[in-house]
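Engineer: prediction below, plus the sequence it came from.
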Amino acid sequence: MDFLTCLIMATNRVIFFINKETHILDLAGAVQTFYESGDYGKPYEIIYASDNVTQATSAHLQMTGLKKYTTIKIISTDIIVIPGYDLRRLPPMDDHRLFAWLRKADKAGAILCSICTGAFTLAAAGLLEGKECTTHWKYTTRLQKDYPALKVLSNRLFVKSGNIYASAGVTTPLANPTLSLRDANGNVIASNDNWKDSQQAAIAATGKAPPNDNESAILGLLAPGNYTAIVAGKNGTTGVALIEFYSLP
């Protein structure tokens, strides 16, 4: 047996379950962490799984070449990660085959991880009953209400309960962003601080309104061309932000 064969056999698998409306930010951060691990002597085989071979993220990025989760036999050294997804447009999953697969993974001794609203999938599968857990701060109250048997912690970023890990999501979000849209020459076309300050009715009518009043949004009709959207923290604050673009009918 040569060295390469030994290395492949020793590589653990991390399986990302890609739900409909998965948030790219929740997925990318975790994927990059496991990818970079290989440079420090701990490589992982990264697998992207779903109930379909293609899936659209919340920002409408199409993911293809996904592996059907039903074809993956879980072993004790596997890690399964469920990134957060948009609960505003998608209810928690009600897929009993997926829940059975997750419960079988739990029995096999695999590590199960949820990021942000991914906790709702583990809860629906019955894997968090009687356990401490957490989720995105906007949804801790809902998670506790929907699943009373859980011990939802609203003041924790990470919670470990046996082989199950729950994360509240991004640790340093940009709390009060401002948004500006510029043309190809850098001229400001439109800007916004809090989305309800202007265009409130029009933005709400699209069904894409931000859930937080402090978030920014711009609605406009653009001619073909090059544009740049810039997000910044109000009064010089810093943090992690995500810009979403929508093509509306």
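Structural biologist: The structure has been received and is ready for your questions.
Engineer: can you give me the buried ones in stretch 125-138?
Structural biologist: Counting neighbours by 16 or more other CB atoms under 10 Å, one finds that the buried residues in stretch 125-138 are 125, 127-128, 131, 133-136. Using the backbone N, CA and C atoms, a C-beta is placed for each residue, glycine as well.
Engineer: now swap in stretch 240-249 and tell me
Structural biologist: Of the residues in stretch 240-249, those buried (16+ other CB under 10 Å) are 241-242.
Engineer: can I get that stretch as PDB, trimmed to CA atoms?
Structural biologist: Extracted in PDB, the C-alpha atoms of stretch 240-249 (Å, rounded to 0.1, in the frame of the first residue of the first chain):
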ATOM      1  CA  VAL A 240     -19.500  40.800   8.200                       C
ATOM      2  CA  ALA A 241     -22.200  41.600   5.600                       C
ATOM      3  CA  LEU A 242     -23.900  39.900   2.700                       C
ATOM      4  CA  ILE A 243     -25.300  41.700  -0.400                       C
ATOM      5  CA  GLU A 244     -28.200  40.000  -2.200                       C
ATOM      6  CA  PHE A 245     -29.400  40.900  -5.700                       C
ATOM      7  CA  TYR A 246     -32.800  40.000  -7.200                       C
ATOM      8  CA  SER A 247     -34.200  40.100 -10.700                       C
ATOM      9  CA  LEU A 248     -37.800  41.000 -10.200                       C
ATOM     10  CA  PRO A 249     -40.700  40.400 -12.600                       C
END
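Engineer: what is the end-to-end distance of stretch 220-228?
Structural biologist: For stretch 220-228, the separation between the terminal residues is 14 Å (CA to CA, to the nearest Å).
Engineer: for this structure, give me the ranges with low pLDDT.
Structural biologist: Within the chain, the stretches with pLDDT under 70 are 1-11, 89-94, 170-172.
Engineer: that one: helices as residue ranges?
Structural biologist: Remark: helices of the chain, listed N- to C-terminal, are 3-10, 24-37, 96-108, 119-124, 140-146, 200-205; assignment by DSSP state H.
Engineer: tell me which residues are up against the third one.
Structural biologist: Defining contact as CB atoms under 8 Å, 6 or more residues apart in numbering, one finds that helix 96-108 is touched by 17, 51, 69-70, 74-76, 78, 80, 112, 121-122, 124-127, 163-164.
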